[in-house]
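Trainee: This is a predicted model, with the sequence first.
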Amino acid sequence: MLNKGGNRDTTMMLMDRSVPGRVGVITPELDVPAAPLPDAALLRDSLPLPEVSEPEVVQYFTALSQLNFSIDTHFYPLGSCTMKYNPKVNDEVAFLPGFAGIHPQQPAEHSQGALELLYRLQGFLTEVTGMAATSLATLAGAHGELGGVLMMRAYHLAKGDTGRTKMGIPDSAHGTNPASAAMAGFDVVTIPSDADGNTDLAALREIVSDDLAGVMITLPSTLGLFDTNIVEVCRVVHQCGGLVYGDGANMNALLGRAKLGELGFDVCHLNLHKTFSTPHGGGGPGAGPVCCGEILAPFLAAPVVERNDAGQYTLAEPEQSIGKISGFHGNFGVLVRAYTYIRTLGAAGLQSISGNAVLNANYIMHTLKDIYALPYDRTCMHEVVFSADRQRERGVSGLEVAKRLLDYGFHAPTMYFPLIVHEALMIEPTESETKETLDAFIAALRAIDAEATNEPETVQHAPHTTPVSRLDEATAARRPVLRWEEPAAAD
Ligand SMILES: *Cc1c(COP(=O)(O)O)cnc(C)c1O
């Protein structure tokens, strides 16, 4: 086990290091009158607390913090997640007292600077997506989807069109899409992908009718592909009176090159915590703004920021708004980071992101496709989806390849997603790593393939160098043991 021995044995909890009488803090002398303890019935008989020194506490928690893979310590090519470098200047700006200390209930006239930032960010995101208006109220990608499909629903109902109960979703869409459509009350109809990985147009034509509210398309799809049928998809859906939702969580692939509004989408969301550089993972705060075209703008979630003729910023509720979908103004700190990121990079910088993200994914695709099966052999976008089928023939699964990568010092790619690729390994390198890092990663995947032939057991039982090897992930997530428990007394 890694870190064995000494005080870096992170399996040894603080309580187990406790030595009676050892003290880690010096409490100041009492400077108020001593008072009696509260009612004895409210007190515990005993409260076991670790008796440890200050350096032990510091070493313990520092060592624990280093057990995690993170973008700040490792290459993190987790497909569909855009785990890219988040410039520290974004945090510095978000920490400025005027931003960090502002209270959401301060009146608009006291928060003009903050509102101006939100107003400008709305404008940037509207521009990036080629739409007409933006609401920053939604707090995550899936939350943006829910907001967007509720707007589609409200749009049809406002026209008295009550029969549109179906939402078409390709089998290559992100898993949150059908969940969001179902939450908004729609019946989900799955649209298959064609042999090239695009939306199957013939299958789409079969489901368009006056009961179709619209379709939700992830672009690029979770196969990492640009759907070359997309303009026709939008045309066919519009022709039957439906609307097209764009899942824009993967905007890292398209920034400055293609705008969803110009391709024909009516509404979309962005994941600011992916594309616009807020640290994420572990369920931390995010933002999934919704951008839409003219016809849906009146339905946007409240509030949106407006600027009046006198140049003052105010919070407004669009005319036919679906209403509030979160508290206050969205996740303000995340919005400040996105604004800072956009302003630091400028238009040319944003365009270079998509250029480098796509180049890096294609570099990985071309340097590994002789060894790892490539189900859709065409230029990919920001991520590449391999299949570990050839390794499977030698008794090594995609999961085991991914686990073995941890021993080489890389975060595992996304596994077994998208569902339509057998033994899927979904790799998203992002734009922020060097060629040297990519080459080391490629070399590791080639070495693991050689191991699958020469010493399959090494791969089958990986990882070998991490503090814990294989986790029971479901139990770890559902029933984590978060508290120290006194060991049962020995007889
Ligand atoms: C990450 C992602 C989502 C969901 O975003 P959350 O912020 O996790 O809710 C939706 N669609 C796609 C394509 C994604 O990659």
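Mentor: That came through fine.

Trainee: Report the secondary structure state of the most centrally placed residue in the chain.
Mentor: Centroid check for the chain by CA atoms, centre = their mean gives Cys81 as the closest residue, at 4.8 Å. Reducing the assignment at Cys81 to three states with DSSP: H, G, I helix; E, B strand; the rest coil gives coil.

Trainee: The one 4 residues further on too?
Mentor: Taking three-state DSSP as the rule, one finds Tyr85 in the coil state.

Trainee: before we move on, back to that, who touches the residue nearest to the centre of the chain in this structure?
Mentor: Lys274, His280, Gly281, Thr414, Glu428 (CB atoms under 8 Å, 6 or more residues apart in numbering). In short, each C-beta sits where N, CA and C put it, glycine included.

Trainee: shouldn't the second one be in contact with Lys274?
Mentor: The one in question is His280. Yes: using CB atoms under 8 Å, His280 is in contact with Lys274, at 6.8 Å.

Trainee: neighbour-wise, which of the two wins?
Mentor: Using other CB atoms under 10 Å, the more surrounded residue of His280 and Lys274 is Lys274, with 24 against 20.

Trainee: can you tell me how far the residue lying closest to the more buried one once chain neighbours are set aside sits from the ligand?
Mentor: Leaving aside its sequence neighbours, Lys274 sits nearest to Thr82 (CB to CB, 6 or more residues apart in numbering; 3.6 Å). Note on Thr82: its distance to the ligand, by CB to the nearest ligand atom, to the nearest Å, is 7 Å.

Trainee: give me the number of residues near Thr82?
Mentor: 26.

Trainee: and what of Phe328?
Mentor: Number of residues near Phe328 (other CB under 10 Å) recorded here: 13.

Trainee: Now do the same for the nearest residue to it once chain neighbours are set aside: helix, strand or coil?
Mentor: Counting by CB to CB, 6+ apart, Phe328 lies nearest to Pro104, which is 3.9 Å off, once chain neighbours are set aside. Counting by three-state DSSP, the backbone at Pro104 sits in coil.

Trainee: and the residue in the chain that the ligand sits nearest to, what does it touch?
Mentor: Nearest to the ligand in the chain, going by CB to the nearest ligand atom, is Gly141, at a distance of 2.2 Å. Taking CB under 8 Å, 6+ apart, we find Gly141 in contact with His174, Thr176, Asp247, Ala249, His269, Asn271, Lys274, Gly286, Gly288.

Trainee: which of these tops the neighbour count?
Mentor: With neighbours defined as other CB under 10 Å, the most crowded of those is His269; it has 32 neighbours.

Trainee: Make sure that residue is indeed in a strand.
Mentor: Yes: the assignment for His269 is a strand, going by three-state DSSP.

Trainee: and the closest residue to Asp200 other than its chain neighbours, what does it touch?
Mentor: Nearest residue to Asp200, sequence neighbours excluded (CB to CB, 6+ apart): Asp194, at 4.3 Å. By CB under 8 Å, 6+ apart, the contact list for Asp194 reads Asp200, Leu201, Asn229.

Trainee: Would you mind confirming that Met152 makes contact with Gly214?
Mentor: Yes: using CB under 8 Å, Met152 is in contact with Gly214, at 5.2 Å.

Trainee: which residues do the two both contact?
Mentor: Taking CB under 8 Å, 6+ apart as the contact rule, the neighbours common to Met152 and Gly214 are Leu243, Tyr245, Asp266.

Trainee: Tabulate the residues you listed (a markdown table), appending distance to Arg343, neighbour count and pLDDT.
Mentor: Listed next are these as a markdown table, based on distance: CB to CB, whole Å; neighbours: other CB atoms under 10 Å; pLDDT from 0 to 100:
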| residue | distance to Arg343 | neighbour count | pLDDT |
| --- | --- | --- | --- |
| Leu243 | 32 | 28 | 98 |
| Tyr245 | 29 | 34 | 98 |
| Asp266 | 28 | 25 | 98 |
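
Trainee: now, which of those residues lie within helices?
Mentor: Among these, no member falls in helices (criterion: DSSP state H).

Trainee: Let's see the pLDDT reported for Asn3.
Mentor: Among the per-residue scores, Asn3 holds a pLDDT of 44.

Trainee: How about Asn7?
Mentor: 43.

Trainee: go on, the one 4 residues further on?
Mentor: Confidence at Thr11, expressed as pLDDT, is 62.

Trainee: do the same with the one 10 residues further on
Mentor: Among the per-residue scores, Gly21 shows a pLDDT of 93.

Trainee: Equivalent analysis for the one 3 residues further on, please.
Mentor: Here, the pLDDT recorded for Gly24 equals 87.

Trainee: My guess is it contacts Glu54. True?
Mentor: Yes: under the criterion of CB under 8 Å, Gly24 makes contact with Glu54 at 4.6 Å.

Trainee: which one of these two has more residues nearby?
Mentor: In this view Gly24 and Glu54 are compared by other CB under 10 Å, and Gly24 has more residues nearby, 14 against 11.

Trainee: check contacts around the more buried one.
Mentor: Glu51, Val52, Ser53, Glu54, Glu56, Val57.

Trainee: Since that was my last question, I'll sign off now.
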